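*Asks:* okay, predicted coordinates and the sequence, questions at the end:
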Amino acid sequence: MVHMENLSQHHLDVLQEIGNIGAGNAATALSALLNKKIDMKIPAIKIVEFNELMEDVGGPEEVIVSVFLRIQGEAPGSMFFVLSPNEASSLVEQVTGNASDDLTESDLALSAISEIGNILSGSYLSALSDFTSINLQPTVPNVSIDMAAAILMQGLIEISMESDYAIMIDTTIKEEGERSSSIKGHFFLLPDPTSFDKIFSSLGVEDQ
Amino acid sequence: MIVTEPIVKVGIADLKITNVPHSLKTSGLGSCVGVVIYGRKLAGLAHVMLPDSTTSKKQLSNPMKYADTAIDLLVEQLLHEGARHSNLQAKIAGGAHMFSFQSNNSMLKIGDRNVEAVLAKLEQYHIPVVAQDVGGSKGRTIEFNIATSMLKIRTVNSGVVEI
């Protein structure tokens, strides 16, 4: 059994590559959706205590827009597509053509975010599933706009049953160029502790 | 054991106690429950993540993470610092459902289960729950002022309330 507290660098490299493949696919999907060039940053693998994770996303009270889904199947986990409220408004505007100042007051904006999150996480997961030959099914995505800790802890419950640490595969995607209104989002992939063995064995990675 | 910064911050799966004139704060409670137990001049706050330590899959786990063991610790520390059991009271907040999944997965109903477990444990200690703000689908940041015994609750959309 691979325990997340003692993964080797080799294991972490494999997880990074998994994030790379998934998020690459999602970036391509977003690029097609917006007809714009989307850059993807090589994912960061972090083994973090829950409180550190919250500091990483700007503090536990930072307001985030998130699309959350559970991954079901042979390697369960949680997945979040996270944007700041400004970035989410800008993304909605680019997709629907409607400027919306307040996401929470527009059902159309919220359903657009949900659908975009659905498309992007679906393409992320299907790349993962193809690469690892592991059967993965996403649940219906859920949108929430609230404090980061309140939202992200929901995806950490399974992990918390076994550990005080999460392995977070974080990829940033952003629109090419540095305009202030450019789109920037994060994918957080949080495999459940039981999933690591399955992921590594499917890729032929020896337990070290 | 007593922390004496003006505002004592409590992290996730953490607990602290302090005395007047300080206050205790924890940020971004979702399905987690913030449990304040207080006496006349002392108070403790736990940020509880899960209902029951006996379901833990790992043996060496953090006792501050579970409703049952965190409340044991809070009561023990308060009594150790001189609080009288008969004076103890509690206020709780949190236990929300941040997402509305249509699912049978009990982990997604963890907010309700956390609240039930906290109430059951407080009942077991005969500590009256004076006020509570639980459930719903919103994140909460809470701050307890020991001098006034008021619990301030901040949310993103409904501002600040005191209970």
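*Replies:* Thanks, I have the structure now. What you are looking at is a predicted structure, and each value in this text was computed from that prediction instead of being measured.
*Asks:* so residue B:8 touches residue B:22, yeah?
*Replies:* Yes: at 5.8 Å, residue B:8 and residue B:22 qualify as touching, with contact defined as CB atoms under 8 Å. From N, CA and C alone the C-beta is placed, and that goes for glycine too.
*Asks:* separation between residue B:45 and residue B:70?
*Replies:* Distance, residue B:45 to residue B:70, by CB to CB, to the nearest Å: 10 Å.
*Asks:* which neighbours do these two have in common?
*Replies:* Listed contacts common to residue B:45 and residue B:70 are B:15, B:35; contacts here mean CB atoms under 8 Å, 6 or more residues apart in numbering or on different chains.
*Asks:* and stretch A:195-208, is it in reach of chain B?
*Replies:* No: Stretch A:195-208 stays clear of chain B (CB under 8 Å from any CB of the partner chain), getting no nearer than 14.0 Å.
*Asks:* buried ones in that stretch, by neighbour count?
*Replies:* Counting neighbours by 16 or more other CB atoms under 10 Å in any protein chain shown, one finds that the buried residues in stretch A:195-208 are A:195, A:196, A:198, A:199, A:200, A:205.
*Asks:* same check, this time on stretch A:85-95
*Replies:* Neighbour-count burial for stretch A:85-95 [16+ other CB under 10 Å]: A:87, A:88, A:89, A:90, A:91, A:92, A:94, A:95.
*Asks:* the third one: which element?
*Replies:* The one in question is residue A:89. Remark: residue A:89 resides in helix A:85-96, with elements defined by DSSP states H and E.
*Asks:* do I have it right that residue A:144 meets residue A:66?
*Replies:* Yes: with contact taken as CB under 8 Å, residue A:144 and residue A:66 are classed as touching, separated by 5.6 Å.
*Asks:* close to chain B: what parts of chain A are there?
*Replies:* Contacts of chain A with chain B, taken as CB under 8 Å from any CB, map to A:50-51, A:54, A:59-61, A:63, A:68, A:70, A:104, A:139-140, A:142, A:144-151, A:153-154, A:157-158, A:160-164.
*Asks:* contacting residues for residue B:146?
*Replies:* Taking CB under 8 Å, 6+ apart, we find residue B:146 in contact with B:18, B:19, B:20, B:21, B:22, B:23, B:24, B:38, B:41, B:42, B:43.
*Asks:* could you do residue A:137 as well?
*Replies:* Residue A:137 sits in contact with A:71, A:72, A:73, where contact means CB under 8 Å, 6+ apart.
*Asks:* could those residues be laid out in CSV, adding secondary structure?
*Replies:* Formatted as CSV, the contacts of residue A:137 follow (DSSP: H, G, I helix; E, B strand; the rest coil):
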residue, secondary structure
A:71, strand
A:72, strand
A:73, strand
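*Asks:* next, count neighbours for residue 63.
*Replies:* Just going to use chain A. Residue A:63 has 15 neighbours, counted by other CB atoms under 10 Å in any protein chain shown.
*Asks:* not quite, go with chain B.
*Replies:* Taking other CB under 10 Å as the neighbour definition, residue B:63 ends up with a count of 14.
*Asks:* now it: closest residue in space that isn't a chain neighbour?
*Replies:* With CB to CB, 6 or more residues apart in numbering or on different chains as the criterion, residue B:63 has its nearest non-adjacent residue at 3.8 Å, and that residue is residue B:69.
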